[in-house]
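In: coordinates only, sequence not included:
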Ligand SMILES: [Zn+2]
């Protein structure tokens, strides 16, 4: 993750893989070993001392604070989540059984980086950020990078996209760091994890969710975080027809 949150080159190298490995909650308990389970590479004692509390935050979010962590992710809108629901996204934090943390001097504005979609958990954190970042920010960044390890990315909505804050690593980071998810961009509806502009374009696009139906159901429409419409049926429009 960068301050500007661009995918780093190291992340892009691994972008070809696509298997998601999310931990099931039952087996995750035995796998959960974040506390003392981190392995530091190239980290000074002082750097380890700054990272340890962040690991503890992650451990709590995956165990004693799991319900509130889940609650945050449940209220989050997601894009590019590969069909994985909020609960499995939350549980995937538990599969971080042993975290390899590299302390490195990363490129300017890059806070952390990680390979995407690997079996284990491996990430790098920038030395400058380790010394300056708060525990909450470090925890958020580590969680962000773990989500890259688990296969989530921002390729469809890269940094600079208004929907980038709704990608899984960003939402996990927000929930770990602040306990509150990022909101959709203004005048945007997130339906089935896809962003739509509010208004006519949104309504027509929505119909394709239910092909062959004679109506469109607006499941939820958020505009700057305010629910604009909910469970609204627009009759006499056939999804997939000429209107679409
Ligand atoms: Zn990222």
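Out: Yep, it's here. Keep in mind the model is a prediction, meaning the values are calculated, not measured.

In: which residues does residue 147 contact?
Out: Residues in contact with residue 147 (C-beta atoms under 8 Å, 6 or more residues apart in numbering) are 89, 92, 168, 169, 172. Glycine gets a C-beta too; all of them are placed from N, C-alpha and C.

In: Check the gap between the third one and the ion for me.
Out: If I follow you right, that is residue 168. To the ion, residue 168 is 9 Å away according to C-beta to the ion, to the nearest Å.

In: Tell me, how many residues neighbour that residue?
Out: 27 (other C-beta atoms under 10 Å).

In: so for the lengthiest helix in the chain, what's the average pLDDT?
Out: In the chain, with assignment by DSSP state H, the single longest helix is helix 45-61. Helix 45-61 carries an average pLDDT of 93.

In: next one: stretch 112-126
Out: pLDDT averaged over stretch 112-126 gives 93.

In: before we move on, what about stretch 193-203?
Out: Stretch 193-203 shows an average pLDDT of 64 in the prediction.

In: wait, doesn't residue 157 sit right on residue 80?
Out: Yes: using C-beta atoms under 8 Å, residue 157 is in contact with residue 80, at 5.7 Å.

In: overlap in contacts of these two?
Out: Common neighbours of residue 157 and residue 80 (C-beta under 8 Å, 6+ apart) are 166, 167.

In: who has more neighbours, the two?
Out: When residue 157 is set against residue 80 and neighbours are counted by other C-beta under 10 Å, the residue ahead is residue 80, at 21 against 18.

In: got the contact list for the more buried one?
Out: With C-beta under 8 Å, 6+ apart, residue 80 has these contacts: 152, 153, 154, 155, 156, 157, 166, 167, 168, 193.

In: Report the buried members of these.
Out: 152, 153, 154, 157, 166, 167, 168, 193 (16 or more other C-beta atoms under 10 Å).

In: Could I get these in CSV, plus columns for secondary structure?
Out: As requested, these are exported to CSV (DSSP: H, G, I helix; E, B strand; the rest coil):
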residue, secondary structure
152, coil
153, coil
154, coil
157, coil
166, helix
167, strand
168, helix
193, coil
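
In: Of these, just say which sits nearest to the ion.
Out: residue 154 (5.6 Å; C-beta to the ion).

In: what's the closest residue in space to that closest one that isn't next to it in sequence in contact with, if anything?
Out: Nearest in space to residue 154, with sequence neighbours left out and distances taken as C-beta to C-beta, 6 or more residues apart in numbering, is residue 167 at 4.5 Å. Counting by C-beta under 8 Å, 6+ apart, residue 167 makes contact with 78, 79, 80, 81, 152, 153, 154, 157.

In: Can you lay out these as CSV showing distance to the ion and pLDDT?
Out: Shown next, in CSV, are these (distance: C-beta to the ion, whole Å; pLDDT from 0 to 100):
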residue, distance to the ion, pLDDT
78, 14, 93
79, 13, 94
80, 11, 95
81, 14, 95
152, 8, 96
153, 7, 94
154, 6, 95
157, 11, 94
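
In: Pick out the most distant pair among those.
Out: 78 and 153 (12.7 Å; C-beta to C-beta).

In: what about residue 40, neighbour count?
Out: There are 16 residues near residue 40, going by other C-beta under 10 Å.

In: Please apply the same query to residue 126.
Out: 24.

In: Show the contacting residues for it.
Out: By C-beta under 8 Å, 6+ apart, the contact list for residue 126 reads 104, 105, 106, 110, 111, 112.

In: that older thread, just name the closest of the contacts of residue 147 to the ion, please.
Out: residue 169 (4.4 Å).

In: Which element, helix or strand, includes the closest one?
Out: helix 168-177 (DSSP states H and E).

In: Which strands and helices lie in contact with that helix?
Out: Packing partners of helix 168-177 (3 or more C-beta pairs under 8 Å, 6 or more residues apart in numbering; DSSP states H and E): helix 45-61, helix 66-74, helix 86-92, helix 135-149.
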